[in-house]
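Asker: sequence unknown, structure follows:
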């Protein structure tokens with residue numbers, strides 16, 4: 001079941017299926033295969049994973065195409081540095097060194113029992129992710145996280161032996177470095193340290209910390225636009241009848257995802273992105289393009305996006321600017337597009 005849940009959370013969880021197949025193929029696991037437990041667990045895992053597989057298959061496997069076809073697979077030094085640098089940032093050099101030691105011990109003792117082989121097999125099955133990170137610019141360093149999943153379990157199973165391998169000084173350094181990385185991440189996101197350190201060379205669009213800080217500016221702005229639009233509707237309703245609620249639309253799936261997560265479920269969120277995305281199917285373009293009122297939410301990262309909504313006119317803008325360290329980190333805009341009063345009462349297609 002955990003494997004099925006892992007797959008629904010991240011496609012790389014599919015490699016855990018491969019690891020379990022390798023594990024159950026071993027001689028030590030054969031007695032377990034004669035019981036109901038592994039087969040029942042496999043059925044539950046497949047039931048959890050089947051909706052994702054079915055959806056991907058029906059759409060021509062877009063996730064695989066995006067990672068393996070649309071982006072050329074070419075090894076490069078840049079990919080290698082991104083992979084290694086990502087691990088140093090994510091887990092820290094001390095913990096990474098310890099993980100390598102534990103992985104070597106796991107592989108050495110992989111044939112001790114069925115559990116050891118299962119841990120080794122799931123780790124081995126994740127190795128293709130390393131190769132993909134080395135070949136694809138679209139890959140991200142955190143993809144190889146499945147490599148580390150089995151290592152804490154192996155460490156816990158043989159802690160008495162590892163106490164001798166890892167000195168107390170090493171253990172303290174691992175805990176201290178982990179805490180320091182967590183603290184540094186919070187400082188980087190919650191303070192304007194990065195903009196001030198970079199000075200005139202700071203480029204806001206490349207700083208992911210702005211994405212987290214911009215939510216505190218963007219979401220209240222959208223809520224304000226929704227409230228003021230709804231208040232305007234209440235005055236027009238008496239003269240023109242029922243008024244359809246506004247639909248919120250973003251220029252990219254990342255914006256649409258944040259809007260969908262932060263706004264009430266009663267607010268429909270559409271997506272006007274350049275590439276197909278899940279949100280375009282949740283509220284299809286055929287639906288939101290016929291809306292009486294559209295609140296288009298964008299920011300200065302999408303200056304090239306010039307939306308045109310046939311039959312609608314642009315009438316009101318709401319703007320908010322996020323400053324960090326004396327720099328404009330994000331400029332957020334909500335633009336209201338409305339139909340004429342005569343066309344506003346037309347029902348949305350179902």
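Answerer: Received the coordinates, thanks. What you see is a predicted model, and the numbers here were worked out from it, not measured in a lab.
Asker: List the contacts of the residue lying closest to residue 7 once chain neighbours are set aside.
Answerer: Of all residues not flanking residue 7 in the chain, residue 13 sits nearest, at 3.7 Å (C-beta to C-beta, 6 or more residues apart in numbering). Where C-beta positions appear, they are placed from N, C-alpha and C, glycine not excepted. For residue 13, the contacting residues are 3, 5-7, 146, by C-beta atoms under 8 Å, 6 or more residues apart in numbering.
Asker: Swap in 10 Å and give it another go.
Answerer: 2-7, 45, 49, 52, 146, 149 (C-beta atoms under 10 Å, 6 or more residues apart in numbering).
Asker: Put the buried members of these into a ChimeraX selection.
Answerer: Per 16 or more other C-beta atoms under 10 Å, the buried members of the contacts of residue 13 correspond to this ChimeraX selection:
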select :3,4,6,7,45,49,52,146,149
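Asker: low-confidence ranges in this protein?
Answerer: For the chain, residues meeting the criterion pLDDT under 70 lie at 233-243, 276, 340-350.
Asker: mind running it again at 80?
Answerer: For the chain, the stretches with pLDDT under 80 are 1, 62-71, 232-244, 274-280, 305-306, 340-350.
Asker: Could you point out the helix or strand that follows the longest helix along it?
Answerer: Secondary structure of the chain per DSSP state H: the longest helix is helix 209-240. Sequence-wise, the next helix or strand downstream of helix 209-240 (DSSP states H and E) is strand 247-250.
Asker: Among the contacts of residue 13, which one sits closest to residue 232?
Answerer: Distances from residue 232 to those, taken as C-beta to C-beta, are shortest for residue 52 (41.4 Å).
Asker: where does the closest one land in three-state SS?
Answerer: Three-state call for residue 52 (DSSP: H, G, I helix; E, B strand; the rest coil): helix.
Asker: can you pull the contacts of the residue lying closest to it once chain neighbours are set aside?
Answerer: Of all residues not flanking residue 52 in the chain, residue 8 sits nearest, at 5.8 Å (C-beta to C-beta, 6+ apart). Counting by C-beta under 10 Å, 6+ apart, residue 8 makes contact with 48-49, 51-52.
Asker: Am I right that residue 259 falls within a helix?
Answerer: Yes. Counting by three-state DSSP, residue 259 is found in a helix.
Asker: That one: neighbour count?
Answerer: 22 (other C-beta atoms under 10 Å).
Asker: Once you drop chain neighbours, what's closest to it?
Answerer: Nearest one to residue 259, counting by C-beta to C-beta, 6+ apart, is residue 269 at 4.9 Å.
Asker: Show me the domain layout of the protein.
Answerer: The chain breaks down by automatic domain parsing into domains covering 2-190, 206-338.
Asker: can you redo those domains as a markdown table with distance to residue 200?
Answerer: A markdown table is the format used below for the domains of the chain (distance: least, C-beta to C-beta, whole Å):
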| stretch | distance to residue 200 |
| --- | --- |
| domain 2-190 | 19 |
| domain 206-338 | 9 |
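Asker: The residue nearest to residue 7 and residue 60, how far apart?
Answerer: Using C-beta to C-beta, to the nearest Å, we find residue 13 at a distance of 21 Å from residue 60.
Asker: Same check on residue 315?
Answerer: Residue 315 is 40 Å from residue 60, by C-beta to C-beta.
Asker: can you give me the helices in the stretch 1-150 of the chain?
Answerer: 2-9, 14-24, 30-33, 37-58, 62-68, 77-90, 93-108, 114-125, 127-135, 146-149 (DSSP state H, counting those that start in this stretch).
Asker: and among these, the most buried is which?
Answerer: By mean neighbour count, with neighbours taken as mean count of other C-beta atoms under 10 Å, helix 114-125 ranks first of the helices of the stretch 1-150 of the chain at a mean of 21.
Asker: Now do that one: which elements does it pack against?
Answerer: Helices and strands touching helix 114-125, by 3 or more C-beta pairs under 10 Å, 6 or more residues apart in numbering; DSSP states H and E, are helix 14-24, helix 30-33, helix 93-108, helix 146-149, helix 151-157.
Asker: try it again with 8 Å
Answerer: Other elements packing on helix 114-125 under the criterion 3 or more C-beta pairs under 8 Å, 6 or more residues apart in numbering; DSSP states H and E are helix 14-24, helix 93-108, helix 146-149, helix 151-157.
Asker: got the angle between the first one and helix 127-135?
Answerer: Helix 14-24 runs at 140 degrees relative to helix 127-135, counting by axes from the mean of the first three to the mean of the last three C-alpha atoms, to 10 degrees.
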